[in-house]
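Requesting a structural model of the entry that follows:
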Amino acid sequence: SKTVQHSPEDLFAVVADVDRYREFVPFCAGSRVLRRTSHSRFEAELEIGFRLFNERYVSDVSLVPGESVTAEAVSTPGGLFERLVSTWRFERGAHPRECVVKFDIDFRVGSVLHAQAVRLFFEEVSRMQINAFEARCDEIYG
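The predicted structure is shown next:
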């Protein structure tokens, strides 16, 4: 979690804009919304590339405007992840333009090799993710 100087609505808008991830999210080689099923749900495809790993997967994304974004990857045989669920939560801070961002990720990888690699880099990559979204808010909203 991290306190940032942007409103929950601003952060929500940036996190929900999956089509733009490839422009600013570290290790994101591709991102696109495949299909909208309602105003609060869609399917998105992400491609991540990190060192020796390159993975493309589809997630079911659900939105609670101004409050949360949850993405649950659809498992694919032989893929890097057996399970991958990420949740962004946005809570008002002490000031109107302040937000406490909470980023939770629950995952299980498919092989011992992948598990060791993820373990080595997970904390740093998580920090980089939150910082990238904060920087994107700075760029868009000042």
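
Work out for me the element the spatially closest residue to residue 24 that is not a sequence neighbour sits within.
Distances taken as C-beta to C-beta, 6 or more residues apart in numbering put residue 136 closest to residue 24, at 4.9 Å, once the chain neighbours are dropped. For the C-beta atoms, the positions are set from N, CA and C on the backbone; glycine is no exception. Element membership for residue 136 (DSSP states H and E) is helix 112-141.

Buried residues, that helix. List them.
114, 117-118, 129-130, 132-134, 136-137 (16 or more other C-beta atoms under 10 Å).

what does stretch 21-38 give?
21, 25, 27-28, 31.

pretty sure residue 31 contacts residue 25?
Yes. Judged on C-beta atoms under 8 Å, residue 31 makes contact with residue 25 at a distance of 7.4 Å.

show me where this structure has strands.
For the chain, the strands defined by DSSP state E occupy 2-4, 28-38, 41-50, 53-64, 68-73, 81-92, 99-109.

any chance of these in TSV, with mean pLDDT and distance to residue 10 too?
Formatted as TSV, these follow (pLDDT from 0 to 100; distance: least, C-beta to C-beta, whole Å):
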stretch	mean pLDDT	distance to residue 10
strand 2-4	93	9
strand 28-38	95	19
strand 41-50	90	20
strand 53-64	90	15
strand 68-73	96	13
strand 81-92	90	9
strand 99-109	88	8
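
wait, which of those strands is closest to residue 142?
Nearest of the strands of the chain to residue 142, taken as C-beta to C-beta: strand 2-4 at 13.0 Å.

Tell me the helices and strands packed up against that closest one.
Packing contacts for strand 2-4, counted by 3 or more C-beta pairs under 8 Å, 6 or more residues apart in numbering; DSSP states H and E, involve strand 99-109, helix 112-141.
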